[in-house]
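Visitor: sharing a model prediction with you, sequence too.
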Amino acid sequence: MNTLTAKKPATSLNLKWLKLAPITVIVLLAVLSPVLGTFDPERVVADPSLSPDGDHFFGTDPSGMDIYSRVLAAAGRNLLIATGAVVLTSIVALAVGLLTGMNESRSGIRAYLARGASRVLDLFDAVPAIIVAMVFVALYGVSPTTLVVSIAIIMVPAQARLVRTEVLRIRGEGYVDAARMSGEGEFTVLVREVAPNASWPIIENASYVFGVAVILTAALGFLGIGLPPPTPEWGSMISRGASDAAVGRWWSALFPALALSLTVGSVALASSLIRTRR
Amino acid sequence: MNRLLNRTLGTQRWWVTRILVLPLHLLVFAVVTFFLVRAIPGDPVLAVTDGDITPEQYEAVKESLGLNGSIPEQLARHIGNVATFDLGDAMVSGRPVLEEFGSRLPSTLELVFLALLSVGIFSLFASALIVFRPKNPVSRVLFVYARTAGAVPEFVWGVAAIFLFYATLHWAPAPLGRVAGRMRMPETVTGFPLLDALIEGNTRAAVSMIEHLVLPIAVLTIAQSALLTKVLVSGLQEATSAAPTRFRIASGAPRSAVVTSMYRRAAPPAVTIVGQMTGNLVGGAVIIEALFGLGGMGQYAVDAINSKDIVAIQGFLIVISVLTLLVFLLIDVATMALDCRRRPGAAGVAL
Amino acid sequence: MRARRTLATLAVAALALTACGGSSEAGDDGLDPESVVIVGAAQPATFAYDAGGGGAYEIIEFVINNGATLIRYPYVEGSGGAMEQDSADFEGVLAESYDVSEDGRTFTFHLREGVVSQQGNPLTAEDVRWSFERKFNTEGSSTKAIMAPGLTDPATQIQVIDDSTVSFTLPEAGYGQTFLGNLTVLISQIYDSTYLLENATPEDPYAVEWSRSNANFGFGAYELTEFTPGEEMVMEANPDYALGEPAVKTIDYRVSQDPGTRANLLRNGDVDIAEELLPADQVDLSDEGVISLPDVKTNNLNTIQLVSNKAPFDNQAVRQAFTHAIPYQQIIDTVYRGRAERQTGLLPTTQPGYDDTGLEEYTYDPALAKQMLTDAGFPDGVTFTLTVSNAVPDLQETAVQIQSFAADAGFTVEIREVPPAEVLTGRRDGTFEAYLLRQQLINLAPFYVLDIWFKSAPTSNVSQFFSPEYRALIEGGSLIPDQYGPEANTVWNTAQQFLVDQAPVVPIAAVSPLSGFAERMDGYAWRTDNVLDYSLLTAE
């Protein structure tokens, strides 16, 4: 064996995995928030607008609720919604991408439908994400479910397109033809051969969807049409803190803003790891 | 079909067909909006009325929402309305939706346009700096920024900017509207505030507006430039090592010509990104308007959502969709103009 | 290099602009005393109150300044030093005076001489008659419901005697006080019938739809001269106003949806008056010396209305227990920073002959509440949904406080925020379990106050609380000719005791005025509708 390739340098291996650290920490914090929080995040516990001190690490908001506990609790909620959105998006995008990819270049009704569906999805990709979310929330109300569904609607077109491209590529691969020739039915080919190999783009991009989900939830909360108070949510906390910030009371807005940015940043960092693995 | 189109339109086929398809896309949006509204749980009439409501009033409201008649009738009526730009009357104010938008949309468009310019200029300079002066410390900062800035949404930048530049440093004016306190807005000529101020020759108002726009536009620029910068950088880097560029350098072309050709080469993917980015900017403008009190569509939309004004919301979605379609049309045409290979029906690359 | 130089030039240019623009930001030293800038939360969605569309603050304020009534409550100096309306007295606006007949049932109004409308048409008795005919014939107008039982049929009860004399005849003398009170409030605007008829159509015979978006069809102190949707509206003084041309000639009304921003505008000197502020901001501004806060008790009541047609509040014991689960003082201190006062019962304590026998204030007593719940058969407490408007920030804060503190008293509260229109619908249909409302009873006549929320018709009963004995009691009271006499006051007191005991509506606190006046402004007066009368304003 060539000694030059026998061992990988230890340092590069360690550094790579470090990229996962921030998001792991955040997930842990979110999961442990009931324990780590010092006060009930949805109850008034002190005087309003107190600056950070020993009792209230991040101070209190204009209602008198503890910001530290709320930031932690909001983590859990935002991450849960984002995870739900990623799961739903992935499933739907996979299905849609498979269907359009497999049927597009055939002839007949299925092909037209598939091509039409692709086009419609492309159209919807165009409308700004926040607008779609706003309209959806306006019509169907705000709840974790509607948030998850609206984010999925926003992200499915792009994801489905990725899957479709991959499917188009895979269809020409040898193992697919081999499977067909060995007598596998069309559906089985789809499930056993095409789907697993076409899923890669979704997994790679899952972190992007995750980031968008977190940001969209926060944006809606910021605009005042997100989850109802006193539900702790970073966006609505930032919005509340914004008017405080304009008069110099920086803590109500800063800590949720930091939490938001750090979370999305660490997700992006972790995703770069997944990408390099491939 | 292909041959017929080729014969009648000839070399102009590519952009003409692109425009002709527009109404079709609009139709799709109209249909989807229709079903979205019909899918609301519960009775929308009850959800949006107030005061004593008699059976006649119930019918009247139902009609104003377009909910009378069978589904196909409603759909036909809806499509007809969209085609004739009849977006109905807003439920809260009773004024026609189009009129409400007409006074607010130009504001938002002006903001988006200025932000687009700003993003374009910033990205051009940033990408130039990164690619041509990679060792410069500013370049390094910009490079990191391009990779990571997508993590921080507009409103976070906005709140931070207000806190830093207004509350602390007092450099920026109060985020309290488009013009300084007691100044009145200029006469409405075009509906675009800054343009109207300039037309009127009202330099005080114009200067005040520009001052008040510095921070919002800066925020939008920082939030949205990362992507375009990245694309330009990778395009330029590709162009650096591409054969035509090396040929130009080797044959002694002046530096400016080389750089221009590199940018032209890097342009098509960048132009496509601009389309997506305009969409993001419209979305970002909605948020920034709320934060800086700039009036415009954003606040109206949020109000409509808070008061469940379904007609206004529906109109809002349609207008934004039309806007987006137009932007993408322009982008598509621009891309195809820049790069002949991308025109449909062209020989060579099949897309 | 060229890139960098251009960048640098741009940066310098931007800075220069900011610098030179800075001087224009400072504002003129000589502010025009005849021109005032006000910032409010929203623009009126409609210019005609009887066209329906709700009674939001900005609609009320616009309507009372753009239109005028026959009479109004006079402004007197209150105990706190601020001007306030005396709700037991009347002074003429469009009417110079009025007479009451011997039997107390007929009220004859003598219109002021020489009054012309904003369109230039002279005021006539026919305008008065037609105005009420329109209000009673308009769907979506609340006039009919409010003016009953005093005025039910304008055609027979209103008589035009001559061009400047008009009379109203009521079925009972006792209704008189309530009726006069109703004439002072915004539903009783007198319209320029000539102008409106010019704009009427067969489909819109009273020009109701037209008047939704076209103003200046009355006799008010201010005319609307400019309207930019979503941004500003300009109102100018009416030189022909019945009570004389107002001091402030131009009102520039801006909008900013965020209360914190409105406070900042005041702080920045960009506006002279800011409306609907958060109490916390008011206190900050006052501490900073930017504004001074008027000291006056209002009728702007925060109440929880416990809907009594379903569980859990169909049980009187549960309602009573809940009155001990509300942290009244905590709400006054935290949400209103002390700028609110407790109130027991619904009647103003300043009314002539007020009788407070047996009226005990509710206290926050979580242990007692829990005990009462257990006794009533709810040892594990009670859960319910509290509905609140998403457009009133201090109510949202109040809901949060209630949620936190009622938990200790055995009540688990879920907060549900809905748009104002939905609040009204749900209230009318009785679909909520409980809801929080900040509301004013604009007409403070005793029968009106005790009647308006508890009528027999389900759509006019805010807590679906139907009590025949209560109705009999107050209806008997309404027949007593002297509504402020000892006999009547005893009836009112009995009625109040009943309400306090039954607790279908729980008053939390009467909120002090929420507007802020900059130093240069004067002329604040409290009105029973809690909006600003621009004709009283003066500026330096």
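Guide: Structure's in. What do you need? Numbers count the residues shown, from 1 in each chain, chains lettered A, B, ... in the order given.
Visitor: every contact and neighbour count from this point should use C-alpha atoms.
Guide: Fine.
Visitor: tell me, how many residues neighbour residue C:284?
Guide: Here the neighbour count serves as a burial measure; for residue C:284 (other C-alpha atoms under 10 Å in any protein chain shown) it reads 16.
Visitor: that one: which element?
Guide: Here residue C:284, judged by DSSP states H and E, is contained in helix C:279-287.
Visitor: check whether that helix comes near chain A.
Guide: No - between helix C:279-287 and chain A, judged by C-alpha under 8 Å from any C-alpha of the partner chain, nothing touches; the nearest distance is 8.6 Å.
Visitor: for the record, mean pLDDT for that helix?
Guide: Confidence for helix C:279-287, expressed as mean pLDDT, is 88.
Visitor: show me what that helix is packed against.
Guide: Secondary-structure packing of helix C:279-287 (3 or more C-alpha pairs under 8 Å, 6 or more residues apart in numbering or on different chains; DSSP states H and E): helix C:259-267.
Visitor: show me what the helix it packs on is packed against.
Guide: In terms of contact count using 3+ C-alpha pairs under 8 Å, 6+ apart, helix C:259-267 is assigned the packing partners helix A:234-246, strand C:273-274, helix C:279-287.
Visitor: which residue, other than its chain neighbours, is closest to residue B:227?
Guide: Of all residues not flanking residue B:227 in the chain, residue B:146 sits nearest, at 6.6 Å (C-alpha to C-alpha, 6 or more residues apart in numbering or on different chains).
Visitor: sorry, wrong one. I was asking about residue C:241.
Guide: If the residues on either side of it in the chain are set aside, residue C:241 comes closest to residue C:221, at 5.2 Å by C-alpha to C-alpha, 6+ apart.
Visitor: for that neighbour, what are phi and psi?
Guide: Geometry field for residue C:221 lists phi and psi as phi -80, psi -20, criterion degrees, to the nearest 10.
Visitor: how far away is it from residue C:248?
Guide: Residue C:221 sits at a distance of 10 Å from residue C:248 (criterion: C-alpha to C-alpha, to the nearest Å).
Visitor: what parts of chain A come near chain C?
Guide: Proximity of chain A to chain C (C-alpha under 8 Å from any C-alpha) is limited to residues A:42-44, A:47-48, A:63, A:228-230, A:243-244.
Visitor: quick one: least confident of those residues?
Guide: Pick the lowest pLDDT in the residues of chain A next to chain C and you get residue A:243, at 69.
Visitor: which residues touch residue 59?
Guide: You didn't pick a chain, so chain A it is. Residue A:59 makes contact with A:49-53, A:66-68, A:251-252, according to C-alpha atoms under 8 Å, 6 or more residues apart in numbering or on different chains.
Visitor: let me rephrase: I mean chain C.
Guide: Shown here is residue C:59, whose contacts under the criterion C-alpha under 8 Å, 6+ apart are C:43-47, C:49.
Visitor: so where's chain C uncertain?
Guide: Counting by pLDDT under 70, the low-confidence segments of chain C come to C:1-30, C:53, C:140.
Visitor: coming back round to it: any of the contacts of residue A:59 buried? List them.
Guide: A:49-50, A:52, A:66-68, A:251-252 (16 or more other C-alpha atoms under 10 Å in any protein chain shown).
Visitor: and the nearest residue to residue C:427 once chain neighbours are set aside, how far is that from residue C:451?
Guide: If you skip the residues right next to it in sequence, residue C:427 has residue C:462 as its closest partner in space, 6.0 Å away by C-alpha to C-alpha, 6+ apart. Remark: distance between residue C:462 and residue C:451 (C-alpha to C-alpha) = 11 Å.
Visitor: what lies in contact with stretch A:89-104?
Guide: A:110-112, A:114-115, A:117-118, A:151-153, A:155-157, A:159-165, A:167-168, A:171, A:190, A:195, A:199, A:202, A:206.
Visitor: stretch B:316-330 too?
Guide: A:123, A:126-127, A:131-132, A:135, B:18-19, B:22, B:25-26, B:29-30, B:33, B:275, B:278-279, B:301.
Visitor: for chain A, what's its nearest residue on the stretch 251-400 of chain C.
Guide: Distance from chain A to each residue of the stretch 251-400 of chain C (C-alpha to the nearest C-alpha) is smallest for residue C:260, at 5.5 Å.
Visitor: that residue contacts residue C:278, doesn't it?
Guide: Yes - taking C-alpha atoms under 8 Å as the definition, residue C:260 is a contact partner of residue C:278 at 7.3 Å.
Visitor: returning to what we had before: from chain C, how far off is the residue nearest to residue B:227?
Guide: For residue B:146, the distance to chain C under the criterion C-alpha to the nearest C-alpha, to the nearest Å works out to 18 Å.
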